[in-house]
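Novice: only geometry, no sequence info:
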């Protein structure tokens, strides 16, 4: 063993990325987070492009974590605890394809764990889970003012 921490990557979408990022950033074992855009068909989209709704991207959070401290399964459980995975293209007042619930997997093991998590959480909700499970494609980092937005602005959450 070389003593280096081997980090893993997870990418999730669960509505407005500000609150999702803040929630994951505060988990023990999460080393870093960044917000951006995943699951679309346009290279290097801007926030304005994604909000227009024609790029196919979701507002997403990329999570770098130490799997020896927090497991991918724990991250999935956390994901299902912080948003409503039963509302297609919507989280609270935010409506649009960019606010969909999605798990972008980075390998076959993550895909299988995501499928298992959906099965395990299906009885937690009154409606069926509609979370998209898709291979992780390019992750486009959002503009700097979106990174750690809530922390930078002294806010604990997005909702009023």
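Specialist: Noted; the coordinates are in hand. Since the structure is predicted, the reported quantities are computational estimates derived from the model, not experimental observations. Numbering: from 1, shown residues only.

Novice: list the buried residues of the helix or strand of the chain with the lowest mean pLDDT.
Specialist: Lowest by mean pLDDT, DSSP states H and E among the helices and strands of the chain is helix 149-152, with a mean of 78. Neighbour-count burial for helix 149-152 flags 149, 150 (criterion: 16 or more other CB atoms under 10 Å). For glycine as for every other residue, the C-beta is placed from the backbone atoms N, C-alpha and C.

Novice: ditto for stretch 6-26
Specialist: Applying 16+ other CB under 10 Å to stretch 6-26 flags 8, 10-25 as buried.

Novice: what's the least confident helix or strand of the chain packed up against?
Specialist: If you count contacts as 3 or more CB pairs under 8 Å, 6 or more residues apart in numbering; DSSP states H and E, helix 149-152 packs onto helix 17-25.

Novice: would you map the strands across this protein?
Specialist: For the chain, strands defined by DSSP state E occupy the ranges 8-14, 30-38, 58-65, 90-91, 94-95, 101-105, 132-135, 140-141.

Novice: indicate which one of the ones you listed is closest to residue 79.
Specialist: Among the strands of the chain, the nearest to residue 79 by CB to CB is strand 8-14 (5.2 Å).

Novice: mind listing residues that contact the closest one?
Specialist: If you take CB atoms under 8 Å, 6 or more residues apart in numbering as the criterion, strand 8-14 is touched by 20, 24, 38-39, 58-67, 72, 75, 79, 82-83, 85, 91, 99-104, 106, 110, 132, 136, 139.
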